[in-house]
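Undergrad: Pasting the sequence and the predicted coordinates here, then a few questions.
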Amino acid sequence: MSVILIIEQVLNGLQFGVMLFLMAAGLTLIFGVMGLINLAHGSLYMVGAFAAAWVAGLTGSFVLALGAALAAAAAAGALIEMLVIRRLYKAAHLDQVLATFALILIFSEGTRWVFGSFPLFLDVPAYLSGPITLPGGIQYPFYRLVLIGIGVAVALALWWLTARTRLGIQIRAGENDREMIAALGVDISRLYTLVFALGAALAGLAGALVGAIQSVQVGMGEPVLILAFVVIVIGGIGSIRGAFIGALLVGLTDTLGGIFLPELFKLFMGTGAATQTGSALASMAVYILMSIVLIWRPAGLFGGQS
Amino acid sequence: MIPERILNLVVILGFIAVPIWAVFADEIFTLTLVTKAMILGLAAVGLNIALGIGGMVSFGHAVFFGIGGYAMGILAHHAQTFTPLSVGPITMAGTKSMPVIWITAMLVSAAVAWVIARLSLRTTGVYFIMITLAFGQMFYYFTISWGTYGGEDGLPIYVRNSFPGLNTLVPLQYLMLCGAALGLALLLQWRLRASPFGLALNAARQSPARAETVGLDPMRIKLWAFVISGTITGLAGALFADLNRFVSPTMFSWQLSGELIILIIIGGVGRLFGPVIGAAVFVTLEHWLGGLTDFWHVWLGVILLFIVLFGRGGIIGFLTGKEGPHV
Amino acid sequence: MSEPVLATHELKKSFGALVATDNVSIDLRPGEIHAVIGPNGAGKSTLIGQICGALAPDAGRVEIMGRDVTRFDTAARAREGLGRTFQISALAMEDTALENVLLGAIGQTGRARRFWSPVARDADLQTCAMGALERVGLAESKDTRCADLSHGQRRQLEVAVALTLSPKAFVMDEPMAGLGLDGSKTMTSFLDGLRSEAPILLVEHDMDAVFALADRISVLVYGRIIASGTVDDIRASKEVRDAYLGESV
């Protein structure tokens, strides 16, 4: 196994990780500020991907497609926040899980109704496609590098937003004390809608970006959603920094596990058995990682009280 | 307002009357639907003990449903292919006998439930929901990549397994077998709820500090409740696999875990007949709405949303006018 | 002097820089009511938490009947004979008054493993539970859901649950809180009679009740016992007046 392959796989893992971060950041913000478990976050990812594929089909512009993804997901997020989610902030977790599960059903079947069951396609634009050569002579798809760049940029922007801006101060205040922030004269329900729409927009962006390298179809959001939950649970629910670290851990574990675990097992068993055992374990690896983290630290790596 | 007892009686009579009608009207498919409702109801009775009485929101009960399914699938597969089954140093033959399959399904489910509960009960709230979900995903992905028993495609069993003295191929006989299992589980749920253990479990949900101060260990009580819960859901999985004569990784999917919770919510959390009413309504809706539109899940979603937002206590809560326990 | 039923020895607990319990040694002897008083934030709740097993001390020991229980958890200490009542009622609110005391009876008899025989038909449990309800005067409300009981009735129920344990020592965290004049009087006379059954470590803000009931009083300020003695000693103590009583008496 060559160094080049390892570097490639690490980059793949990072790329997967930062995309998970886009999903997880919204989830963890929404939980941190409003105390809500939002299963429908995967649906917003799907909405972003469909909006992008549709606009790209009409206009041929990838940039417009991304804009559409952000706008559509943010709008869908704001809409469900005002219609449904708002009533759930004080509800038990069980009710939140069920109501947002219901939203998944509505979103998924609604999208199937409008767009049909066949996948749509969203192409990587010519100026972003093709491999580029990295130092050391490694050929790597340019688009995937762009994804890593976007992910890191969003992470930095979110850090700046929460640490340095007025909105960030309000968000952090809202996490600690809802009454206090209301007393400061901040319109709390507008703040909540805004935070929810922001999280939704990030999910939509992730959906559109990933949609260009995978197919755009109904149900695409749920596997990512579950992994994003794994991410925020590992990182500690409510922590953006935890979400970033967790996302990279999950992305790398999932990608590298699939490649290296079968190789590892080949050291002490036959090729066939090693491949089967290795890939079986690899597919469970992130969940095993999460259980270990939770058993070790029941509130995640950067979580406070659970 | 209807007293809960009368409502329960109506449900029991319904589960007797509909099959009788179906037999006379020669509606075999209805018998299958009733059997399906019974089995899902059984699985949900299991979950109700953990979730409704004990307040443990398990988002991974599909684990036990799947274990039951694969216990049936693996044992019957070895029997139908006449290949020996090796578990570590032990080699044995497969079997087509339902009692043996059921006991295996329940024992394995109980053991796995014990391990999952030991690990998961260290966490609370959202973390508990998510760690149980993670265990479900582990099993799901494991079976997908586990080629020996069909991997993603699942494992078909050609002939339904046998039960001494019955012809399980006759739909009504299999229905009665499932009905008996459901009846026993309901009896257990009823006795358990009224027992010292049930009272302690119910208190451990509402006020763990109180349970501790009277010398009870809420963790242990919840642990054993989770084991009982998983065992019952495991049995349901074995029955479900035999109904379809097919097992696949979808029995482990998180959607199934979610559906089991939905059944309980529709019927009424923590109520004796909540899971059964929920299962009956769910199967009816699935069949009826599914016949009207390909997109019946939209309507299921809307109904669910209304129940969560406006109808605390599910159908039983609505009909009896009494709110159920809060989870 | 008889052996103490309950004792702490040089108990210490700090949260960061804040010393919440500073070398606290108190004991509870048979037949007495020992009141612990002190201003808000003096560390009374932290002390109770360590005595009952909800908090682990940084140093020091807790003993019940001479047995070191410092490493026992809450449930084990309850089984050793500690009957605790909470300041804010920690009852099972969806359950009836009877079910709440039955829980105590189940803990006391160790019957929580029985999952098949109904509680309603267990004569031992019923006798124990009804007895406790009758003693606090709640027998008529036995089928009322705890959530529908009045505040005062919940305080009584708290005590009833502790009674079912037949404890060797009671630890009561502000049993008079929010009771009103009549309620306080009833509770005071009830606790007065209870001391012969088992001694009571009483944390209480209601000074009338404390002075009426206590055989001994310990004053806790900033985590330290600044004075300990009879009612008259404490009333006479200048230190206590300066630190605490000055404001309220």
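TA: Everything's here; your move. All values derive from a computational prediction rather than experimental measurement.

Undergrad: Any residues of the stretch 1-150 of chain B in contact with chain A? List them.
TA: Taking C-beta under 8 Å from any C-beta of the partner chain as the criterion, the neighbours of chain A within the stretch 1-150 of chain B are B:51, B:57, B:59, B:119, B:122-127, B:129-131, B:133-135, B:137-138, B:141-142, B:144-148. From N, CA and C alone the C-beta is placed, and that goes for glycine too.

Undergrad: from those residues, which would you call buried?
TA: Restricting these to buried positions leaves B:51, B:57, B:59, B:119, B:122-123, B:126-127, B:129-131, B:133-135, B:137-138, B:141-142, B:144-146, with burial counted as 16 or more other C-beta atoms under 10 Å in any protein chain shown.

Undergrad: The closest residue to B:Glu152 other than its chain neighbours: what's it in contact with?
TA: Leaving aside its sequence neighbours, B:Glu152 sits nearest to B:Ile144 (C-beta to C-beta, 6 or more residues apart in numbering or on different chains; 4.8 Å). Counting by C-beta atoms under 8 Å, 6 or more residues apart in numbering or on different chains, B:Ile144 makes contact with A:283, B:151-152, B:249.

Undergrad: Buried ones only from those residues, please, as a ChimeraX command.
TA: To isolate the buried members of those in ChimeraX, using 16+ other C-beta under 10 Å:
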select /A:283 /B:151,249
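
Undergrad: which of the contacts of B:Ile144 lies closest to B:Gly66?
TA: B:Pro249 (7.5 Å; C-beta to C-beta).

Undergrad: Read off the pLDDT value for the closest one.
TA: Note on B:Pro249: pLDDT of 96.

Undergrad: From A:Ser279, how far out is it?
TA: Remark: distance between B:Pro249 and A:Ser279 (C-beta to C-beta, to the nearest Å) = 14 Å.

Undergrad: thinking again about what came up before, okay, and which of the contacts of B:Ile144 map to helices?
TA: Secondary structure from DSSP state H places A:Ser283 of these in helices.

Undergrad: Adding distance to C:Ile226, write the contacts of B:Ile144 out as TSV.
TA: Formatted as TSV, those follow (distance: C-beta to C-beta, whole Å):
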residue	distance to C:Ile226
A:Ser283	64
B:Gly151	73
B:Glu152	72
B:Pro249	68
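
Undergrad: Let me see the backbone angles for the residue nearest to A:Met82 when sequence neighbours are not counted.
TA: Closest residue to A:Met82 apart from its sequence neighbours, by C-beta to C-beta, 6+ apart: A:Thr193 at 6.3 Å. Per-residue torsions, A:Thr193: phi -60, psi -40 (degrees, to the nearest 10).

Undergrad: quick one: secondary structure of C:Ser14?
TA: Using DSSP: H, G, I helix; E, B strand; the rest coil, the structure places C:Ser14 in strand.

Undergrad: neighbours around B:Thr293, how many?
TA: B:Thr293 has 12 neighbouring residues, counting by other C-beta atoms under 10 Å in any protein chain shown.

Undergrad: which ones are touching it?
TA: Contact analysis of B:Thr293 by C-beta under 8 Å, 6+ apart lists B:Trp299.

Undergrad: Now it: phi and psi?
TA: With angles defined as degrees, to the nearest 10, B:Thr293 shows backbone torsions of phi -140, psi 150.

Undergrad: Same question for A:Leu147.
TA: Main-chain torsions, A:Leu147, degrees, to the nearest 10: phi -60, psi -40.

Undergrad: A:Ser279 versus the closest residue to it other than its chain neighbours, what's the distance?
TA: Nearest residue to A:Leu147, sequence neighbours excluded (C-beta to C-beta, 6+ apart): A:Gln15, at 5.1 Å. A:Gln15 is 21 Å from A:Ser279, where distance means C-beta to C-beta.

Undergrad: swap in B:Val298?
TA: Per C-beta to C-beta, B:Val298 is found 36 Å from A:Ser279.

Undergrad: What of C:Asn40?
TA: Counting by C-beta to C-beta, the gap from C:Asn40 to A:Ser279 is 61 Å.

Undergrad: which of the two has more neighbours?
TA: Counted by other C-beta under 10 Å, C:Asn40 and A:Ser279 do not tie: A:Ser279 has more neighbours, with 21 against 7.

Undergrad: Just the element for that one, please.
TA: Counting by DSSP states H and E, the element that carries A:Ser279 is helix A:271-296.

Undergrad: from the buried ones among the residues of the stretch 1-150 of chain B next to chain A, which ones fall inside helices?
TA: Members of these lying in helices (criterion: DSSP H): B:119, B:126-127, B:129-131, B:133-135, B:137-138, B:141-142, B:144-145.

Undergrad: and which of those residues is nearest to C:Gly183?
TA: For these, the minimum distance to C:Gly183 (C-beta to C-beta) is 39.9 Å, reached by B:Val126.

Undergrad: show me the contacts for the closest one.
TA: When contacts are counted by C-beta under 8 Å, 6+ apart, B:Val126 touches A:31, A:37, A:93, A:233, A:237, A:306.

Undergrad: What are the boundaries of the helices in chain C?
TA: Shown for chain C, the helices assigned by DSSP H span residues C:44-52, C:74-80, C:97-109, C:123-136, C:151-164, C:180-194, C:207-213, C:231-236, C:238-240, C:246-248.

Undergrad: so which residue of chain A comes closest to chain B?
TA: Per C-beta to the nearest C-beta, the residue of chain A with the smallest distance to chain B is A:Leu105, at 3.3 Å.

Undergrad: Which of the helices or strands spans the residue nearest to that residue when sequence neighbours are not counted?
TA: Spatial nearest neighbour of A:Leu105, chain neighbours left out: B:Gly301 (3.3 Å); criterion: C-beta to C-beta, 6+ apart. Assigned by DSSP H and E, B:Gly301 falls within helix B:296-310.

Undergrad: mind checking pLDDT for the residue sitting furthest away from the middle of chain A?
TA: The centre of chain A is farthest from one residue, A:Gly270, which by C-alpha atoms, centre = their mean lies 37.1 Å away. Looking at A:Gly270, its pLDDT reads 81.
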